[in-house]
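>>> When you get a sec, could you give me coordinates for this:
(2 chains)
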Protein chains: 2
Amino acid sequence: MTQLIAGISSHEGTQTFTSINPRTKQPGTTLFYDATPSEIDRAVRAAAEAFEETRFYPAEKLAGFLDVVADEIEALGDTLLETADWETGLGLPRLQGERGRTTGQLRKFAALLREGSYVDAIIDTATENNPDVRRMLFPIGPVGVFSASNFPFAFAVAGGDTASAFAAGCPVIVKGHPSHPATSQLFAEAIAAAVEKCGFPAGFFSLIQGNSIDVGQTLVKHPLIEVIGFTGSLRGGRAIFDTAAARPKPIPVFAEMGSVNPVIFMPEALKNRREELAASLVNSVTLGSGQFCTNPGLLFVVDNQEGRQFIQEVTELMSAAEPCVLLNAQIENGLAKAVENTRQHASIELLTGGMVEVDEYYTYASTVMHTTSENFRNDTHLQVEHFGPVTMFVTCNSLDDMRETVSTLDGNLTAAIHAEASEMKAAHTLFAVLREKVGRLIWNGFPTGVAVVPAMQHGGPYPATTAPHTTSVGMVAIQRFMRPVAFQNMPNDLLPDALKNENPLHIWRLVNWERTCEAI
Amino acid sequence: MTQLIAGISSHEGTQTFTSINPRTKQPGTTLFYDATPSEIDRAVRAAAEAFEETRFYPAEKLAGFLDVVADEIEALGDTLLETADWETGLGLPRLQGERGRTTGQLRKFAALLREGSYVDAIIDTATENNPDVRRMLFPIGPVGVFSASNFPFAFAVAGGDTASAFAAGCPVIVKGHPSHPATSQLFAEAIAAAVEKCGFPAGFFSLIQGNSIDVGQTLVKHPLIEVIGFTGSLRGGRAIFDTAAARPKPIPVFAEMGSVNPVIFMPEALKNRREELAASLVNSVTLGSGQFCTNPGLLFVVDNQEGRQFIQEVTELMSAAEPCVLLNAQIENGLAKAVENTRQHASIELLTGGMVEVDEYYTYASTVMHTTSENFRNDTHLQVEHFGPVTMFVTCNSLDDMRETVSTLDGNLTAAIHAEASEMKAAHTLFAVLREKVGRLIWNGFPTGVAVVPAMQHGGPYPATTAPHTTSVGMVAIQRFMRPVAFQNMPNDLLPDALKNENPLHIWRLVNWERTCEAI
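Okay, the predicted model is just below:
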């Protein structure tokens, strides 16, 4: 089908592409077609039409739909895992885990909807000076979602952006990632089946595909798209942000664009747990072939005996790491070029890796580089992400020098500190600096692994995202796709249920400055 | 002084401007100086330095500061009212009211801080599958605020943007509006006095002034500015938005850019309360010389006997309205040009006004125009704002025709319906359409007058604002200047108070999906 537009399969275009098995570099036999402007227009118009219905859906109806989407994904069974494994080379165990995360995420949003307080109802009854004013969140309209290559389930067609937009009541048009078009199709079929089973308007979901930048650009420029969700590279995210900002009517772009995720290893921690930390670190750096936006790409240690020994041990473990399979040629080439660029900076020492080891499959050697804090501070290029199993040590003269060095960091998704209890005070000082730089601070852990819980913050200052106020993982992600509306002096009968005096949904509300779930 | 940079008076520039009394068109004797790039840089660097301290301030300390700012504004006494009246021609009673609104707003944010739950704390304790994750909002960094001409107190130097940014803990650099530089100076002195009394770092507040666009552009481009608040015209807001989006590091722009605020008069309401509605409407259209972003600029009526009579009565009242004083030459010229442009559309009928009546002061005749629903639907230009005492009737053939017509509206701050109880069903249908277009829906009221309460939503889809998720009035406005950060597996001692197990601030939190103000 390639495109699934409001429940109808379509491939009008002439530009084609195929999946490529990253383990063999062999193309698949199925041809996929770049979506045409008229296909994209049909998808967006159908979404706008669907929205006229779904924007009135009660939370329970949307929750039921999310549950059915999760069921339909599970019903795809091994076909989904095998297809995705063929297209991504990520391996069945990882994909199985990611499937659980994806369906779990949908069901957690369903739970959020059933509880109901997510509409953030605020009520101020009339006073001598002020009218009765009541405010809540409503769905914002048709959403365009750009799916990522590295999480073909959890950040893709039925991933976090789609789940949270659906939860809000917004129709979604996904631009599938060209690296796994068959996987995208399977998810589209599952969602379309749920749309039909739940009696939702067919335009509530469409999948468009394409290998050309034009497909995405056409989607972003469509006047009926209200908001964009994106997970991918800084270059791709920024291009979409720029296009959205230049529209006659600019729209918000929630782009999560990756990160170098600084990890600090404090001296006492290295003294007491060096080997264990080296093993866990290498595991985190090479997880999923290093293709994580939370991959630990910058490692800060004090330049002392333990620090140097730690670097040596990590280097040895990385040298000995199993060769990895990368997702596609673009990532292999991009990584090779990025490391090559970085190595041309005189201050960079290559400790291991730094090359494509094998020709038979897409891969890159597990790579460790090193520089000094002084060089790092003087060269902003060294903050560039190397997307793959690549990391860089920055050796610092002292903890003060380290603090000064991390204060020059750009925006990141995460920062982590490994420390002993005795080092809490120094860690506190470092965290105070890092708090301005990131969305998530981690104590004695690694950044890979992003829990889908209400408190999760997966975001951060630019260039980690284009929207530092928001998160793309966790329950608060729904707010990206909702917009507040206030009602002034509205008769109770005309108010939405969430704002009625009697509080028929039994939700938590802020009433005259007090939090309550009582009626008024 | 012109500029007040981190507590120090400055006027390094050579470009000068003066206030002009709108009642006489006579310039004042004080020269004001356009801020230079080096002055702006000093202000922003001082703000960034101040932020390193204020970002750790407890809510109570920030609340105390807001109270002192309010006190200091009151201490300016009649000097403030007289200076502003001379510069704006808005009249003492209005300015007295606006002062109360401005100080009241500061004190309400202080109350919000003292209650403490505004940090939106969410806690998920560790489970078998997930780490302990805790999230809250922190101040985002130095804020640039562009002050408006039409509310020299409430949307200006110590207005809503400044109050909510201060409340968040963010330093503010205000670009004062060149229409009332002496008023801006007085507010700057009051704030600076509060900064000193409370022992805040001097860079927590600076005022820069200027008549040239370059001053604002330089501020928006400064790499240490994290966020912009703006109230003003669509052209001005869009220019700032474009500059901010094109920065190497783009930053959010919260621009509130005005609106035409459709008001619907239902047939039964006109039948029963025509005269009263005509009087209230004219009062709302001419309030503050019509220089309100919530001015009712589009009036929808059914083309029947009552509708026509209503138009005639409104036209008569508008013709008889006292001549108004406008803020400045730019607004007079802009309004004259805007009405002239609109009148060139063949479908427009001028019912009264449409000219500058007097030469002695800045003014414009109270103006009523008329078009039909069909013409309105076919000509998007007719949705342009006429900033002043100007409004336009759109006559519709029926309520169905009216619904179809309002469905073509662009984004607005507000929409209002005047109706009888018997017309609730029809009104409900219209509100359902209008909900997608606006930030606030009003029943039997006029849009002018924006209550400063937690439930207020002063915002809306573009072109009303550049940030439909946010409000610039009401307590939620603080969220524009805060950013979420999550803590993973953080020892209790390293957590901020709002996230500690024992809940020392006694705030409401979401703990493991339950709302509670208990300790864990």
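
>>> Now for the single nearest residue of the stretch 251-400 of chain A relative to chain B: which residues touch it?
The nearest approach of the stretch 251-400 of chain A to chain B comes at residue A:252, 7.0 Å away (Cβ to the nearest Cβ). (Each C-beta comes from the backbone N, C-alpha and C, glycine too.) Taking Cβ atoms under 8 Å, 6 or more residues apart in numbering or on different chains, we find residue A:252 in contact with A:227, A:228, A:244, A:467, A:480, B:467, B:468, B:469.

>>> For residue B:471, see how far away it is.
15 Å (Cβ to Cβ, to the nearest Å).

>>> ok so, going back, now go through the contacts of residue A:252 and say which are in helices.
Secondary structure from DSSP state H places residue A:244 of the contacts of residue A:252 in helices.

>>> of the contacts of residue A:252, closest to residue B:105?
residue B:467 (19.6 Å; Cβ to Cβ).

>>> Count residues in the vicinity of that closest one, would you?
22 (other Cβ atoms under 10 Å in any protein chain shown).

>>> what sits against it?
So residue B:467 contacts A:252, B:252, B:253, B:254, B:255, B:459, B:480 (Cβ under 8 Å, 6+ apart).

>>> between those residues, which is nearest residue A:175?
residue A:252 (16.8 Å).

>>> burial of the one residue in the stretch 201-350 of chain A that gets nearest to chain B, as a residue count?
Evaluated by Cβ to the nearest Cβ, the stretch 201-350 of chain A has residue A:245 as its residue closest to chain B, separated by 3.8 Å. Close neighbours of residue A:245, defined as other Cβ under 10 Å, add up to 20.

>>> Tell me which residues touch the closest residue to it other than its chain neighbours, please.
Spatial nearest neighbour of residue A:245, chain neighbours left out: residue B:245 (3.8 Å); criterion: Cβ to Cβ, 6 or more residues apart in numbering or on different chains. Shown in contact with residue B:245 (Cβ under 8 Å, 6+ apart): A:241, A:242, A:245, A:246, A:250, B:253.

>>> Also residue A:209?
Taking Cβ under 8 Å, 6+ apart as the test, what residue A:209 contacts is A:2, A:3, A:32, A:33, A:34, A:35, A:175, A:176, A:178, A:181, A:184, A:215.

>>> Sort out for me which of those are in strands.
Judged by DSSP state E, those include A:3, A:32, A:33, A:175 as members of strands.

>>> Next, count neighbours for the last one.
By the other Cβ under 10 Å criterion, the neighbourhood of residue A:175 contains 28 residues.

>>> For it, report the pLDDT, please.
We have a pLDDT of 98 for residue A:175.

>>> partners of it in the sheet?
In this entry, residue A:175 is beta-bridged to residue A:146, residue A:208, by DSSP bridges.

>>> Hmm, it is touching residue A:148, no?
No: contact between residue A:175 and residue A:148 fails when scored by Cβ atoms under 8 Å: they sit 10.9 Å apart.

>>> list residues touching both of the two?
Counting by Cβ under 8 Å, 6+ apart, nothing touches both residue A:175 and residue A:148.

>>> any weak-confidence spans in the stretch 301-450 of chain A?
Within the stretch 301-450 of chain A, no stretch has pLDDT under 70.

>>> same thing but at 90, please
For the stretch 301-450 of chain A, the stretches with pLDDT under 90 are A:346-347, A:357-358, A:380.
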